[in-house]
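Trainee: Give me coordinates for this.
(one chain, ligands or ions: 1)
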Amino acid sequence: MAPAIDLNAPFIDHTEALERAEQGVSALECTRRDRWYPLYHIASAGGWINDPNGLSYFQGRWHVFFQLHPFGTQWGPMHWGHVSSADLVTWRREPVALAPSIEAESAGVFSGSAVVDANDTLNLLYTGHRWHNGRDDSAGNREVQCLATSRDGVRFEKHGVVIDNPEDLIDFRDPKVWRQDGRWYLVLGQRSRENRGEIVLFSSNDLVNWRREGILYRHPDPNVYMLECPDFFPLTAPDGKTRWVLCFSAMGAKAQGYMNRNRNNAGYVVGTWEPGRTFEPEGAFHLWDWGQNFYAPQSMAAPDGRRLMIGWMSPAGAAPMQDDGWCGQLTLPREVSLAADGALITTPARELEALREDTVEVGPVTLGANEDLTVIEDAEATEIELTIDLAASTAERAGLKVHATEDGGYVYVAYDDQTGRVVLDRGAVRLGERGYRAAPREGHDSNLDTLKLRIYIDRGSIEVYVDGGRAAMSAYSFPTPGPRAVNLCAEGGSLAVSSLRRHRLRSIGLA
Ligand code: FRU
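Mentor: Numbers count the residues shown, from 1 in each chain. Got it, this is the predicted structure:
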């Protein structure tokens, strides 16, 4: 039953709500501690963030918005924070873009996406989130999709609800919009009445009037009750074959072996589609990222045709940064491409090489069994490129201990010869969540005897790219005070490193 209220009625002046949000962020920023605050990852100056939203290129700048709770370091009433960049490397803070101000959004402006139209206007399609009874979550959500537009990319005018929730589903959110064959299309995630995770397709001529085309995808696993933050885009392989990539962040899947170890898990299914047809999946579900802290990625088409993606490094359990006035950061922007063998590749956007300000060739290195070598005494913002000759190594496990502190804490990024996987192991951390993840080295058309790792170390996080982007792993790491060394180690055998290069990285301008 639709509520007997006007969903478009304001309950606060939007400008006033935005000012309050700015004050909230500033108050937290004043008390912020920077021991883990990122130097080259996007985060809010203060407060909690989650999903990246509204990724777009508009009037010569890249725009990244994100879910923001400006009044605390826990998830709370959602706003849209905003940063922009001319080069995808150095970022500047923009004013908070959206605050809850109309009835439809009384409990938050939830995730959504952005498109630029023919009138050079930036359009945000996002979810208005409201408690069903208008007061608390006891009666569930009532979610609808809303539109806001901007001529300058900074100040947004709200146009209210454009897609209602006629079936009154409790989860119905996260519109991702794109243009194709002269029409707008949009996918969103819903929880069906039978508690199944589904993705619904809509189309429109004007971004205001939307037609429901039908269910694009229903998740085959009956445990999966909701697909958050869907995304849908084509990629063309080097042989000219085009495939559609359907992405979602699935809630409810049970962990199985190495898969789905996080509370909710973001991944994709590749298949074929064209407007007016159903999506035909061609393969299995793959994770975007095998690390402990990755969720709700969103992609955008860059003007040069590349597909760029950014995810949220979602904290799990204890998140010590919540004591520091901030919580949450986004991953590096990643380029997504389709390899000739059909595998999806995610690599750091090539622009990020401009972050390197000091490069040292550590050179080929051989370690005897159980030897260690300190590669960096104190690494703050660092990128490491490591190539291991596995055919010439006998170690059962070998790699880099990063964020290694004097009290014995570290995070291990290693190759495990017994499983043939790359592990990101936080078993020895002194603060925060423990546990490990293990990424496969599968789907290769290349030589498995050579392992390439690209490791990004920031003050409070680690991102690992395996074999040129065949797998990625993202995790928080909260080292204790003092120097943070990087040590190369070989366990139970020798290690032959054919090349090891380290780069000091500069700040992206937000820290
Ligand atoms: C995913 C999500 C989205 C929602 C947003 C709210 O992390 O739950 O489905 O729009 O976060 O902050």
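Trainee: so what's the residue nearest to G493 when sequence neighbours are not counted up against?
Mentor: Leaving aside its chain neighbours, G493 sits nearest to T394 (3.4 Å; criterion: Cβ to Cβ, 6 or more residues apart in numbering). All C-beta atoms are positioned from the backbone trio N, CA, C, and that covers glycine. Residues near T394 by Cβ atoms under 8 Å, 6 or more residues apart in numbering: A369, G493, S494.
Trainee: Next one: T394 from the ligand, what distance?
Mentor: Going from T394 to the ligand by Cβ to the nearest ligand atom, to the nearest Å gives 44 Å.
Trainee: Next: V360.
Mentor: Plainly put, V360 is 39 Å away from the ligand if you go by Cβ to the nearest ligand atom.
Trainee: Secondary structure class of that residue, three-state.
Mentor: The three-state label given to V360 by DSSP: H, G, I helix; E, B strand; the rest coil is strand.
Trainee: Check it and give its pLDDT.
Mentor: Among the per-residue scores, V360 shows a pLDDT of 97.
Trainee: Likewise for M313?
Mentor: pLDDT recorded at M313 is 98.
Trainee: where does the residue nearest to G493 fall, helix, sheet strand or coil?
Mentor: Classification of T394 by three-state DSSP places it in coil.
Trainee: Kindly report the residues of the chain close to the ligand.
Mentor: By the rule Cβ under 6 Å from any ligand atom, the part of the chain lying against the ligand is 50-51, 67, 78, 110-111, 127, 173-174, 228-229, 295-296.
Trainee: Sitting in strands, which of those do you find?
Mentor: Counting by DSSP state E, the part of the residues of the chain next to the ligand found in strands is N50, D51, Q67, F110, S111, T127, R173, D174, E228, C229, Y295, A296.
Trainee: Verify the contact between L352 and P333 for me.
Mentor: Yes: assessed by Cβ atoms under 8 Å, L352 is found in contact with P333 at 7.4 Å.
Trainee: Compare those two (neighbour count), which wins?
Mentor: Neighbours per residue (other Cβ atoms under 10 Å) separate L352 from P333, with P333 holding more: 26 against 20.
Trainee: OK, contacts around that one?
Mentor: Listed by Cβ under 8 Å, 6+ apart, the contact partners of P333 are L88, L308, M309, I310, P348, A349, E351, L352.
Trainee: what about whichever residue of the stretch 401-511 of the chain sits closest to the ligand, distance to K452?
Mentor: Residue of the stretch 401-511 of the chain nearest the ligand, by Cβ to the nearest ligand atom: S474 (14.9 Å). Look at S474 and K452: by Cβ to Cβ, to the nearest Å, they are 18 Å apart.
Trainee: Look at these two and report which has more neighbours.
Mentor: A direct count of neighbours by other Cβ under 10 Å for S474 and K452 places S474 higher, at 28 against 17.
Trainee: Is the nearest residue to the more buried one once chain neighbours are set aside in a helix, a strand, or coil?
Mentor: Among residues not flanking S474 along the chain, G291 sits closest, at 3.9 Å (Cβ to Cβ, 6+ apart). Secondary structure state of G291, per three-state DSSP, is coil.
Trainee: How much space separates G291 from V464?
Mentor: G291 sits at a distance of 7 Å from V464 (criterion: Cβ to Cβ).
Trainee: do G305 as well
Mentor: From G305 to V464 the distance is 27 Å (Cβ to Cβ).
Trainee: Give me the more crowded residue out of these two.
Mentor: Comparing G305 with V464 by neighbour count (other Cβ under 10 Å), the higher total belongs to V464, at 28 against 7.
Trainee: ok, what's across the strand from the more buried one?
Mentor: Following DSSP bridges, V464 is listed with bridge partners I455, M473.
Trainee: can you pull the contacts of it?
Mentor: V464 neighbours (Cβ under 8 Å, 6+ apart): G291, V413, V422, L424, A439, L453, R454, I455, Y456, A472, M473, S474.
Trainee: what sits against R191?
Mentor: Counting by Cβ under 8 Å, 6+ apart, R191 makes contact with L169, I170, D171, F172, G197, E198, Y225, M226.
Trainee: Now it: closest residue in space, sequence neighbours ignored.
Mentor: Using Cβ to Cβ, 6+ apart and skipping residues adjacent in sequence, the residue nearest R191 is D171, 3.8 Å away.
Trainee: Doesn't I310 lie inside a strand?
Mentor: Yes: counting by three-state DSSP, I310 is found in a strand.
Trainee: For it, give me the pLDDT.
Mentor: Reported pLDDT at I310 in the predicted model: 98.
Trainee: Name whatever forms a beta bridge with it.
Mentor: Applying DSSP bridges, one finds that I310 bridges with Q298.
Trainee: about what we covered before: tell me both backbone torsions, phi and psi, for the residue nearest to S474.
Mentor: Main-chain torsions, G291, degrees, to the nearest 10: phi -80, psi 180.
Trainee: if I read this right, it contacts R437, doesn't it?
Mentor: Yes: G291 is in contact with R437 according to Cβ under 8 Å; the separation is 5.7 Å.
Trainee: Identify the contacts common to the two.
Mentor: Shared contacts of G291 and R437, defined by Cβ under 8 Å, 6+ apart, comprise L424, M473, A475.
Trainee: Parallel or antiparallel, which strands does whatever helix or strand V269 lives in pair with?
Mentor: Per DSSP states H and E, V269 falls inside strand 264-272. Strand pairing for strand 264-272, determined by DSSP bridges: strand 242-251 (antiparallel), strand 280-281 (antiparallel), strand 286-287 (antiparallel).
Trainee: Go through the ones you listed and pick out the most buried.
Mentor: Among the strands paired with strand 264-272, strand 242-251 has the highest mean neighbour count (mean count of other Cβ atoms under 10 Å), at a mean of 22.
Trainee: tell me the mean pLDDT over that one?
Mentor: Averaging pLDDT along strand 242-251 yields 97.
Trainee: what's the answer for stretch 502-511, then?
Mentor: Stretch 502-511 carries an average pLDDT of 97.
Trainee: Just the endpoints, please. Distance across it?
Mentor: Counting by Cα to Cα, to the nearest Å, you get 22 Å between the two ends of stretch 502-511.
Trainee: who touches that stretch?
Mentor: Contacts of stretch 502-511 (Cβ under 8 Å, 6+ apart): 34, 37-43, 45, 83, 89-93, 355-360, 362, 375-376, 379-385, 456, 486.
Trainee: The residue nearest to A319 when sequence neighbours are not counted pairs with what?
Mentor: Among residues not flanking A319 along the chain, C327 sits closest, at 5.8 Å (Cβ to Cβ, 6+ apart). For C327, the beta-bridge partners are W48 (DSSP bridges).
Trainee: List the residues that contact C327.
Mentor: Residues near C327 by Cβ under 8 Å, 6+ apart: G47, W48, I49, T73, Q74, P315, A319, M321.
Trainee: coming back round to it: let's see which of the contacts of R191 end up in helices.
Mentor: Members of the contacts of R191 lying in helices (criterion: DSSP state H): none.
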